[in-house]
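Engineer: dropping a prediction and its sequence here:
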2 protein chains.
Amino acid sequence: MTQEQQQWHLARGYRFAGVVSGLRNEPDRRDVAVIISDTPASAVGMFTKNQICAAPVRVCRQRLPSTRTRAIVICSGNANACTGAQGLADAQRMTALVAQELGCEAEQVLVASTGVIGRLLPMPLLEAAIPQAVRSAVASPEAFRHAAQAILTTDTGIKVATRQGPSFTLTGFAKGAAMIGPNMATMLAFLLTDAHLSLDDLQQTLHTAVEHSFHCISVEGHTSTNDTVLLLANGTGPRLEGAELALYQETVTSVCLELARKIARDAEGAEHFITIEVEGCRNDSEARRIAKTIADSPLVKTAIFGHDPNWGRIVSAAGYAGVEFAEENLSLWLGDMLLYRAGTPCPFDVLTASAYLKQNRDIHIRLKFDLGPGKCTFYTCDLTTEYVRLNADYTT
Amino acid sequence: MTQEQQQWHLARGYRFAGVVSGLRNEPDRRDVAVIISDTPASAVGMFTKNQICAAPVRVCRQRLPSTRTRAIVICSGNANACTGAQGLADAQRMTALVAQELGCEAEQVLVASTGVIGRLLPMPLLEAAIPQAVRSAVASPEAFRHAAQAILTTDTGIKVATRQGPSFTLTGFAKGAAMIGPNMATMLAFLLTDAHLSLDDLQQTLHTAVEHSFHCISVEGHTSTNDTVLLLANGTGPRLEGAELALYQETVTSVCLELARKIARDAEGAEHFITIEVEGCRNDSEARRIAKTIADSPLVKTAIFGHDPNWGRIVSAAGYAGVEFAEENLSLWLGDMLLYRAGTPCPFDVLTASAYLKQNRDIHIRLKFDLGPGKCTFYTCDLTTEYVRLNADYTT
């Protein structure tokens, strides 16, 4: 067990497994995960806003919120998206296979998938692997690591964030490296807690946490068909209220933010992790729209890859975000260098600015408006020749 | 004179020049253009919707529409954008330099710029070059070619489209190779005619033409601060009405579409010219939103670069365009291969589909919805490692 694994906090009452089904054609690659709650758990979810949503997303939407969820089953390598009626039946079958082993109803099982779009699942492989996974699930860091591995696609490593609160444990893991805004790809996150709280509090907690984390990252702005965040609370601990509930909510946001930053940091081919801080907008929503437009601009992203402090690209991206402002409302910093003050360019040393981009993997861009209290911190990466290579030859 | 130049139709009553000011640091590179109308012309314009708009755009907006425009002056290599009050004064000064030579008012002169954002213009160079350009302007194909060259940035060649109508001539030229959705860059187009028509007809003609042409191209979806399309009609010919006016309007659209396609075809680093045809939407606006979202998706663009018929990326991009539809409403063709029919994937030969992408520079994607009569044809290009290289090191 690695030092990192020794520091993981695993919520009470959950078992995990990650197994090799053969779906990926890579003999040692785990591709099916299960998470089991020993007792019925309260569960809420948030999903892609794409009009084309994968079969597993449809299934989860029907089954949530719930107060009696027993398990989640996930496969990677195939998104089960754009697969019509057969795809929906296959997603339901995945849950039925888990339910059969657990002796519960299929409706008590949730499902997620990530991978290539438009291919039917190889169900014979899953018919064999899913029961095996359920039977092998245990409450150990090793099993948890296997589950966290089994959900990965082009990710370079597992993404885990855990916290130990005074009366609860929160355990989260996620995947995602592209088709983030969510390549093949998708953003999936699973949050497990032994806390005891109402469905309303759980739903509100997840909504707030996602707004400030997964909704504030972008790799290339392409929204996946499969994005899924699930939060389960099995109520093993005492009921959370008042200050404890507030602490719990902060903790969920903190775990989601840690996972979101890990996703942006692991973006395909990326050489820079970029934080875009926008403040002084009319409201948070306008601040996020500006931050996301900058984050999604190929011109901004290629400039940072090239260590080119071409700040006009940043300012001009802000300008087409669909938010009304005047040049005079805006100032811009790259790191601690002020480049543009209230609509007028500032003299700056291009070599120093370029060196900042060259010598740091973590880049900070700050835009300050004078319009109001709205703000947003958004995370993204650069656009590299490696990103293009990776994505030019993904399925074939 | 090349064969192409012999076929150009130059509208009566216009003179042209393109000169070397030294702004580009390339000794033989023309970077200042002037277009002069011998008589006062009616003029209308359409401009970037970016909240950050360049000084020349501000100047043109103030001066249009007009019935007494005499000239346009354009510089390339410097956008005069994000340059504050000094930038505005410099743009005005550019027009005053032309006016002085022509003996007209500065208000009768329009101005456009394209190039790097956030740098002040080297006015001493322009003070010398602009009068020289005005004095050298003549009505010849050679002078017209010099003007068309002088407005280019990363473009690989001039972009010209001309038409000879029964009672009018229409002469258009443009630039643009990136920051198209409009790199350094911008989309500029100048349309000159000897037709005689009302300002209202002129404005309506330009609006319709731009909607069906320049508003239907994207390189990377980054809207420039400097986009400008100007249409001048000096009224040398007879007044256009009825069928002649309709023919004129069609001709302007046709010239704009030819220029727009030339811009998309010359996109930085592009290896494929992609036509996206969307039909069967509720209205044309929804069809365009879907087409533009596909055109701007780095995942779609890299797949085509890689000859990878990963059609799920196309369908999923349509799904996050912000237009409501169900999977069942959508069918998809790549070339003449049906890949997705009413929400269900169709069996297809991956090698044939990949060969289609490999063997053709012109790629056709067609999406058919069953929601209404709305349609749009949109033009874009692939995202290549060369695009990233070009844009990673532009200013430095």
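Structural biologist: Perfect, I can see it now. Numbering: from 1, shown residues only, chains lettered A, B, ... in the order given.
Engineer: please list all residues in contact with whatever residue of the stretch 51-200 of chain A ends up closest to chain B.
Structural biologist: For the stretch 51-200 of chain A, the residue closest to chain B is A:Ile117, as judged by CB to the nearest CB, at 2.4 Å. Yep, even glycine has a C-beta here, placed from its N, CA and C like the rest. By CB atoms under 8 Å, 6 or more residues apart in numbering or on different chains, A:Ile117 lies in contact with A:Ala54, A:Ala79, A:Ala81, A:Cys82, A:Met184, A:Thr225, B:Asn310, B:Trp311, B:Gly312, B:Arg313, B:Val315, B:Ser316.
Engineer: now do the end-to-end distance for stretch A:92-112.
Structural biologist: By CA to CA, to the nearest Å, the extent of stretch A:92-112 from end to end equals 11 Å.
Engineer: what mean pLDDT does it get?
Structural biologist: Mean pLDDT, computed over stretch A:92-112, is 98.
Engineer: give me the domain ranges for chain A.
Structural biologist: Here the domain parsing of chain A from automatic domain parsing is A:3-265, A:273-392.
Engineer: let me have the ones you listed in JSON lines, adding distance to B:Leu330 as columns.
Structural biologist: Formatted as JSON lines, the domains of chain A follow (distance: least, CB to CB, whole Å):
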{"stretch": "domain A:3-265", "distance to B:Leu330": "8"}
{"stretch": "domain A:273-392", "distance to B:Leu330": "23"}
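Engineer: what does the stretch 51-200 of chain A have sitting close to chain B?
Structural biologist: Neighbours of chain B within the stretch 51-200 of chain A, by CB under 8 Å from any CB of the partner chain: A:51-53, A:79, A:81-85, A:116-120, A:178-179, A:183.
Engineer: for ChimeraX, what selects the buried ones among those?
Structural biologist: Per 16 or more other CB atoms under 10 Å in any protein chain shown, the buried members of those correspond to this ChimeraX selection:
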select /A:51,52,53,79,81,82,83,84,116,117,118,119,178,179,183
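Engineer: need the residue closest to the centroid of chain A.
Structural biologist: By CA atoms, centre = their mean, chain A has its centre lying nearest to A:Met187, at 4.3 Å.
Engineer: can you get me a residue count around A:Asp284?
Structural biologist: By other CB atoms under 10 Å in any protein chain shown, the residues close to A:Asp284 number 16.
Engineer: do the same with the one 10 residues further on
Structural biologist: As a burial measure, the neighbour count of A:Ile294 was computed by other CB under 10 Å and equals 26.
Engineer: secondary structure element for it?
Structural biologist: In this structure, A:Ile294 sits in helix A:284-296 according to DSSP states H and E.
Engineer: show residues contacting that helix.
Structural biologist: A:181, A:215-216, A:218, A:220-221, A:274, A:276-279, A:281, A:300, A:314, A:317-318, A:320-323, A:365, A:367, A:374-380, B:221.
Engineer: got the end-to-end distance for stretch A:210-220?
Structural biologist: Terminal-residue distance, stretch A:210-220 (CA to CA): 19 Å.
Engineer: and that stretch with chain B, contact?
Structural biologist: Yes - judged by CB under 8 Å from any CB, stretch A:210-220 comes into contact with chain B through A:Glu220.
Engineer: likewise stretch A:303-319?
Structural biologist: Yes - contact of stretch A:303-319 with chain B (CB under 8 Å from any CB) involves A:303, A:305-313, A:315-319.
Engineer: from the residues you listed, which two are the most distant?
Structural biologist: Of all pairs drawn from the residues of stretch A:303-319 next to chain B, the widest gap by CB to CB lies between A:His307 and A:Gly319 and measures 23.7 Å.
Engineer: which one's more surrounded, those two?
Structural biologist: Taking neighbours as other CB under 10 Å, A:His307 and A:Gly319 compare with A:Gly319 leading, 25 against 20.
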